[in-house]
Structure formats: structure tokens, C-alpha cells
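*Asks:* Fold the following and give me the result.
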Amino acid sequence: MKVLSVSDKELIGKYLTGNQASLEKLIHRHKNKVFAYILMVVKDKQLADDIFQDTFIKVINTIRAGSYKEEGKFIQWVMRIAHNLIIDYFRKSKRIPVIDNNSEDFDIFDTIKFTDDSIEDRIITQQIHQDVRKLINLLPPEQKEVLFMRHYSEMSFKDIAEQTDVSINTALGRMRYALINLRKLIEQKDVILTV
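*Replies:* You can find the predicted model right below:
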């Protein structure tokens with residue numbers, strides 16, 4: 001006869017009543033899956049360790065604050081936190097400009113922008129981004145998810161397929177239909193996406 005294990009929800013409840021061991025069980029139960037996902041995306045063990053620790057610090061702080069809502073599976077919530085922290089890391093790391101000056105004909109002045117966008121250009125660009133976000137929100141959930149993962153999180157289709165638990169062909173198909181549907185919506189809503 002198999003002994004039923006304690007659910008994630010029950011472990012969280014026990015932790016909130018002061019049972020520290022239940023938190024350790026919860027982390028131990030999911031640590032391999034979370035770490036493997038982070039490592040697969042960042043491809044650096046030390047960085048994966050850091051993001052893994054940040055993920056569970058955020059999880060613990062959210063549970064302690066009473067902000068965790070049992071809306072679905074605990075592990076999906078944890079994976080979403082890890083995914084968001086990975087995205088944050090990549091966004092921050094891309095802010096640091098890297099200049100390749102190995103080329104003989106490289107000129108630093110070719111990379112410098114001499115004027116800022118006008119206020120009008122910034123407002124138009126902001127409006128275009130708002131319009132695109134509204135159009136994306138009209139897509140079916142699975143198409144929206146793939147589009148966000150590909151373009152905003154810059155994930156490969158292989159990573160998207162693994163994260164969403166579908167084949168690569170299904171992920172590619174969803175992306176294709178998302179783009180087709182976006183084009184249709186742009187025409188239907190008569191949206192202009194140029195500055």
C-alpha cells in the first residue's frame with residue numbers, strides 16, 4: 001500500500017503555522033526541476049545557482065507575507081517566478097553596451113546617436129507599443145504565450161516547447177498562427193504601426 005504524500009498546499013499551511021521542516025520538504029520536492037529549468041535557459045551553473053536562490057527567496061517572502069494564493073499548482077507558480085527572474089537578468093545584462101573594436105574600419109562615431117527622439121516620436125512609439133499589446137491580448141492564450149516567450153523573453157522554440165510541454169512543431173505552429181492572426185487584427189482594426 002502506498003503512503004500518500006502531503007500536498008504542496010498542506011506543506012505551505014504547516015509552514016505558515018510555524019513548521020519550518022515543511023518548507024524544507026517543499027523546496028526539496030521541487031528543487032531539481034526548478035534548477036534544471038534555470039540551468040537549461042542560462043547555461044551557466046553559478047548564474048543558475050544565484051537565480052535559483054533568488055527564486056526561492058522570493059517564494060518564501062511571498063508565502064510569509066501571506067500573498068501566495070492557491071490558484072493552481074505551486075510548482076507552476078515557482079517556475080513562473082524563476083522564468084521572470086531569468087528575463088530580468090537578461091534584460092539587465094543587455095543594457096551594458098559591448099563594442100567590438102577588432103575591426104580596422106571601426107568608428108566609434110558610427111555607434112553614437114547625436115540627437116534624442118523628439119517628444120512626438122516618443123509618444124507615437126509608446127502608442128504603437130500600447131496598440132500592439134492590445135492586439136496581442138486578443139490572441140488565443142496558447143498563441144499569446146508562445147509570442148511572449150519568443151519575442152519578449154527571447155526563448156528558442158526548443159525552450160518554448162519544453163516550457164509549454166508541447167512539440168517544437170506545435171510551438172512553431174502556434175507562433176505562425178499568432179503572426180497570421182495579428183496581421184488580420186491589424187487590418188481589421190486599421191492600426192498603423194509606423195512612426
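*Asks:* which stretches of the chain aren't confidently modelled?
*Replies:* Residue ranges of the chain with pLDDT under 70: 1-4, 71-72, 94-121, 194-195.
*Asks:* domain assignment for it?
*Replies:* Split into domains by automatic domain parsing, the chain comes to 8-94, 112-189.
*Asks:* number of nearby residues for residue 31?
*Replies:* 14 (other CB atoms under 10 Å). Where C-beta positions appear, they are placed from N, C-alpha and C, glycine not excepted.
*Asks:* quick one, phi psi at it?
*Replies:* phi -60, psi -40 (degrees, to the nearest 10).
*Asks:* That one and residue 8, how far apart?
*Replies:* Distance, residue 31 to residue 8, by CB to CB, to the nearest Å: 13 Å.
*Asks:* ok, now residue 140?
*Replies:* Taking CB to CB, one finds residue 140 at 29 Å from residue 8.
*Asks:* more crowded one of those two?
*Replies:* Between residue 140 and residue 8, counted using other CB under 10 Å, the more crowded position is residue 8 (19 against 11).
*Asks:* What residues does the closest residue to that one other than its chain neighbours make contact with?
*Replies:* In space, residue 8 comes closest to residue 74 once its chain neighbours are excluded; the distance is 3.8 Å by CB to CB, 6 or more residues apart in numbering. For residue 74, the contact set (CB atoms under 8 Å, 6 or more residues apart in numbering) comprises 8-9, 12, 26, 30.
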